[in-house]
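Colleague: Here is my input; please provide its structure:
(chains A and B)
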Amino acid sequence: MYYLCRLKTISKKHDTMNLDTQLTPVVAEIINTLYGVQPVPETIQFQKTRKEFEGDITLVVFPFVKSAKKSPEQTAEMIGAKLLNDVDFIESYNVVKGFLNLKIKANYWLEQLKAIHSSENFGTTKPSKNADLMMIEYSSPNTNKPLHLGHIRNNLLGYSISEIQKANGWDIVKTNIVNDRGIHICKSMLAWQMFGNGETPESSGMKGDHLVGKYYVEFDKHYKAEIQELMLQGLSEEDAKKEAPLIKQAQEMLLKWEQGNKEIRTLWETMNGWVYAGFDETYKKLGVDFDKIYYESDTYTEGKSKVEEGLAKNIFYQREDGSVWADLTNDGLDEKLLLRADGTSVYMTQDIGTATIRYEEYPIKKMVYVVGNEQNYHFQVLSILLDKLGFEWGKDLVHFSYGMVELPEGKMKSREGTVVDADDLIAEMVETAHETSQELGKLDGLSDEEIENIARMVGLGALKYFILKVDPRKNMTFNPKESIDFNGNTGPFIQYTHARIKSVLRKAEEQGIDHSALRNTQLEISEKENYLIQLIAEFPNVVKQAGIEFSPALIANYIYDLVKEYNQFYHEFTILREENDDLRNLRLVISETIASVIKTGMGLLGIEVPERM
RNA sequence: GGUCCGGUAGCUCAGCUGGAUAGAGCAACUGCCUUCUAAGCAGUAGGUCAUGGGUUCGAAUCCCGUCCGGAUCACCA
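Modeller: Below is the predicted model:
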């Protein structure tokens, strides 16, 4: 098992499509010819030429100066001359210190563009019929309170990484394990029984998950009061927490639930039903979904039997009180409880059960858990336990461990009411998007329905992009007042660029311009156009890298770079008014290809892009 | 205390498998709409890459120490 934060990758980040794989063997051959040594493949490193120098791709020659027994400049010069001679698409080279900058012929890039423009699903690999299956678990809510900002990050990451892996040829099953049982669920049930007066989502007009959450808070309030009372009577805080009537009643309720008490089960089903309806609404608004949902109430007993199996095989041991433990001291960890003395299961037991069932139901090649980094230890243990139990996939499970979302004043705390509610946040974003487009007068003349839809896309785009552009492993700060912007490195900026391109393309169509094929690939093109094509050509590598690193942020940052470059181009060049038809068509093809990369890339983040805004 | 993660502009973040003068956005200031959408573009200003060593031709990037922050080490989930 590994944390993604430790994942090392092999491929380079900024390589250009095919180019460095094409050139690497040539360089190896040249080094061999010139200096009589076979270079280690890793020492042949290409990078994108920095903007301040002339060229498209740069070979770092420092690794070869020893075997060349020459200065870096001389070495670079020799290799450059040979490359120019041997490779037909190299136009020229120049040497700066130990850097050999190669300029590639424009024609090479134009041919690339032509191929990209006429290809379908550029940048993504469709899963083949016998593709390996990756199961991705995300969301995994408790059914006692509504979703909040932390869940939003989880959901967006889970959904996006599923799309990204799909684009890398995996067969994906998105799954959700709903934590629908346990003492915390009983707390809200009990509070509702005692103080609810039969309130329902219908009678109160409240969303089901919010209603149940309200009673969870209610429980806590009364529970705390009872603890205070008992402490005044002289009990220690610890004892008071154990002896409070409410907690005892909740435990009693849990016991009844486990025994299948009809009344309790009915209440449980009713209240969970409210919560599910509420969650479905939030998921839908957020645009995330699942292929298969598991419920812990269905899987926890399977965990128990697996643990008992392990006990029988002496993998685990039992204490005098009857509790079952795993001794992980040989793995550098502690001892871990798996079954309580009364035979009830804990979190770990349930995860073992769920994993077992999943592997029975699906031919899983890779199992991914999208869960916060606060549970790193848990997954380390889970991996070892599954391995000990004889599951071959145990040690290979992936914990996609992501950082917490913090507010400017620190961690979100439900007890202090500083939690940012998911539904509220989404509504606010859409509302702001709506106001902004009205202020800008961009949507005049569109139907109310269209305006609503665009506001929804833009508001959600802002939120999603804001969260996904950050490296998932890192904690991030979310300032509700300031964080969400519609300018600069934001979702709306990218969506805007897409809409802008679409507008140009519509006008081209109105004028009857046919740019369906890039006919002339022998054009003189500007540096900006050249660079845009190179950026476009990098897209497939970015998708691949994002898959290897499990990082939607790579996609987000790439699209931003692309869009920023495009806007400069858009400002500097005319497209439709260009008098040279070939050049005009080239610019249309570049624009259209970029619009399509934006759409695909944003799609990998779960963000829609409008045709106009 | 043990283990793990992080510290880059005032703020939010890129860059980190070692490569050229560390980049964006926000906030501040200055320009650019009679021309394909100004949610845009151009510019000014802003840095001891926490800190001290080490490895290297070369370190924000790798190694070690220190400081600061966070997570975790539950018969919670």
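Colleague: Quick check: chain neighbours aside, which residue is closest to A:Gly287?
Modeller: By the measure of CB to CB, 6 or more residues apart in numbering, the closest residue to A:Gly287 outside its immediate chain neighbours is A:Gly606, 5.6 Å from it. Every residue, glycine included, has its C-beta placed from N, CA and C.
Colleague: Count the neighbours of the one you found for me.
Modeller: Applying other CB atoms under 10 Å, we find 23 residues neighbouring A:Gly606.
Colleague: per-residue pLDDT, it?
Modeller: Note for A:Gly606: predicted pLDDT of 98.
Colleague: which residues touch it?
Modeller: A:156, A:159-160, A:163, A:287-288, A:464 (CB atoms under 8 Å, 6 or more residues apart in numbering).
Colleague: Filter these down to the buried ones.
Modeller: Those of these that meet the buried threshold are A:156, A:159-160, A:163, A:287-288, A:464, by 16 or more other CB atoms under 10 Å.
Colleague: host element of the closest residue to RNA strand B within the stretch 351-500 of chain A?
Modeller: The minimum distance from the stretch 351-500 of chain A to RNA strand B, using CB to the nearest atom of the strand, falls at A:Gly488 (2.1 Å). Using DSSP states H and E, A:Gly488 sits in no helix or strand.
Colleague: what residue ranges in the stretch 351-500 of chain A score low on pLDDT?
Modeller: The model of the stretch 351-500 of chain A has pLDDT under 70 over residues A:415.
Colleague: Enumerate the residues of it near RNA strand B.
Modeller: Within the stretch 351-500 of chain A, the positions adjacent to RNA strand B are A:373-378, A:403-404, A:411, A:433, A:436-437, A:440, A:442-443, A:454, A:458, A:469-471, A:473-477, A:479, A:482-483, A:485-490, A:492-493, A:496, A:499-500 by CB under 7 Å from any atom of the strand.
Colleague: Buried ones only from the residues you listed, please, as a ChimeraX command.
Modeller: Buried residues among those (16+ other CB under 10 Å), as a ChimeraX selection:
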select /A:373,378,403,404,433,436,437,443,454,458,469,470,471,473,476,486,489,490,492,493,496,499,500
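Colleague: So which of the residues of the stretch 351-500 of chain A next to RNA strand B are in helices?
Modeller: The helices, defined by DSSP state H, take in A:376-378, A:433, A:436-437, A:440, A:454, A:458, A:492-493, A:496, A:499-500 from these.
Colleague: So of these, which two are at opposite extremes in space?
Modeller: The most widely separated members of these, counting by CB to CB, are A:Tyr377 and A:Leu440 (49.2 Å).
Colleague: how close does the residue most central in space within chain A get to RNA strand B?
Modeller: What sits nearest the mean C-alpha location of chain A, by CA atoms, centre = their mean, is A:Leu157, with 2.8 Å. For A:Leu157, the distance to RNA strand B (CB to the nearest atom of the strand, to the nearest Å) stands at 13 Å.
Colleague: follow-up on the earlier one: helix, strand or coil for the residue nearest to A:Gly287?
Modeller: Here A:Gly606 is recorded as coil under DSSP: H, G, I helix; E, B strand; the rest coil.
Colleague: Can you list phi and psi of it for me?
Modeller: Per-residue torsions, A:Gly606: phi 80, psi 30 (degrees, to the nearest 10).
Colleague: so for stretch A:200-220, what's the average pLDDT?
Modeller: pLDDT averaged over stretch A:200-220 gives 95.
Colleague: With stretch A:180-190 instead?
Modeller: For stretch A:180-190, the mean pLDDT works out to 93.
Colleague: Tell me which residues are up against it.
Modeller: Identification of contacts with stretch A:180-190 by CB under 8 Å, 6+ apart yields A:142-145, A:212-213, A:215-216, A:218-220, A:223, A:246, A:249-251, A:253-254, A:257, A:264, A:267-268, A:271-272, A:295-297, A:300.
Colleague: picking up where we left off before, looking at the ones in helices among the residues of the stretch 351-500 of chain A next to RNA strand B, which is nearest A:Ser551?
Modeller: Comparing these against A:Ser551 with CB to CB places A:Asn376 closest, at 17.7 Å.
Colleague: how about the nearest residue to the closest one once chain neighbours are set aside, secondary structure?
Modeller: Excluding its sequence neighbours, the residue lying closest to A:Asn376 (CB to CB, 6+ apart) is A:Ser401, at 5.7 Å. Following three-state DSSP, the label given to A:Ser401 is strand.
Colleague: May I have the beta-bridge partners of A:Ser401?
Modeller: On the basis of DSSP bridges, A:Ser401 is bridged to A:Val371.
Colleague: May I ask you to confirm that it is in contact with A:Val368?
Modeller: No: look at A:Ser401 against A:Val368 with CB atoms under 8 Å: they stay out of range, at 10.7 Å.
Colleague: where along the stretch 201-350 of chain A do the strands fall?
Modeller: A:292-295, A:317-318, A:324-327, A:335-339 (DSSP state E, counting those that start in this stretch).
Colleague: so how far is the longest one off the chain centroid?
Modeller: I take that to be strand A:335-339. 32 Å (CA atoms, centre = their mean, to the nearest Å).
Colleague: Name the residues of that strand that come out as buried.
Modeller: Across strand A:335-339, burial judged by 16+ other CB under 10 Å covers A:336-339.
Colleague: what's the closest of these to RNA strand B?
Modeller: A:Leu337 (4.5 Å).
Colleague: measure the closest one to A:Tyr347 for me?
Modeller: According to CB to CB, to the nearest Å, A:Leu337 stands 10 Å off from A:Tyr347.
Colleague: One more: A:Pro472?
Modeller: Shown here: A:Pro472 relative to A:Tyr347, a distance of 23 Å by CB to CB.
Colleague: now swap in A:Asp132 and tell me
Modeller: A:Asp132 sits 29 Å away from A:Tyr347, going by CB to CB.
Colleague: now swap in A:Leu149 and tell me
Modeller: A:Leu149 sits 23 Å away from A:Tyr347, going by CB to CB.
Colleague: of those two, who's got more company?
Modeller: Neighbour count, other CB under 10 Å: between A:Leu149 and A:Tyr347, A:Leu149 has more, with 22 against 16.
Colleague: Tell me the pLDDT of that one.
Modeller: pLDDT, A:Leu149: 94.
Colleague: How about it, nearest residue that isn't a chain neighbour?
Modeller: A:Val420 (4.0 Å).
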